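> kindly return the folded structure for what I paste below:
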Amino acid sequence: MLKKLMNIMFLSCCEATLLMEKRCAEDISPKENFRLSLHIRMCKWCRIYQEKLEILDGILKIKFFQDGKVNINQSDIQLLKDKVIKNLNI
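Purely as a prediction, here's the structure:
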């Protein structure tokens with residue numbers, strides 16, 4: 001009984017990250033928002049991921065949606081790819 005209740009109340013980290021991404025793109029239900037908030041309060045790693053996601057989302061909104069136009073060129077895309085690969089140490 002307790003295990004079933006835990007599965008209903010608490011999200012896995014995988015489910016939490018998907019909800020974080022969904023919340024950036026669109027609204028999530030109050031139930032999803034409550035479960036996500038509860039998970040973020042308890043999980044250090046998801047809290048860190050949420051902070052980084054908010055920073056990245058803010059940067060992307062500023063960079064690519066200035067003046068209502070999308071300003072993406074190939075050099076920006078390649079620069080971003082190079083930075084990601086460098087940070088992943090691949």
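
> going forward, measure contacts and count neighbours with C-alpha atoms only.
Noted.

> for Gln50, what is the enclosing helix or strand?
Secondary-structure element containing Gln50, defined by DSSP states H and E: helix 44-64.

> so what does that helix touch, helix or strand wise?
Packing partners of helix 44-64 (3 or more CA pairs under 8 Å, 6 or more residues apart in numbering; DSSP states H and E): helix 13-25, helix 30-42.

> mind doing that once more with 6 Å?
Under the contact definition 3 or more CA pairs under 6 Å, 6 or more residues apart in numbering; DSSP states H and E, helix 44-64 sits against no other helix or strand.

> what are the buried residues along it?
Within helix 44-64, the residues that count as buried by 16 or more other CA atoms under 10 Å are Cys46, Arg47, Gln50, Leu53.

> how far does stretch 30-47 sit from the chain's center?
Between the mean C-alpha point of stretch 30-47 and the mean C-alpha point of its chain there is a distance of 12 Å (CA atoms, centre = their mean, to the nearest Å).

> got the contact list for Cys43?
Residues near Cys43 by CA atoms under 6 Å, 6 or more residues apart in numbering: none.

> okay, now the nearest residue to Leu38 once chain neighbours are set aside: neighbour count?
Residue nearest to Leu38 in three dimensions, not counting chain neighbours: Phe10, with 7.4 Å by CA to CA, 6 or more residues apart in numbering. The criterion is other CA atoms under 10 Å. On that basis, Phe10 has 17 neighbouring residues.
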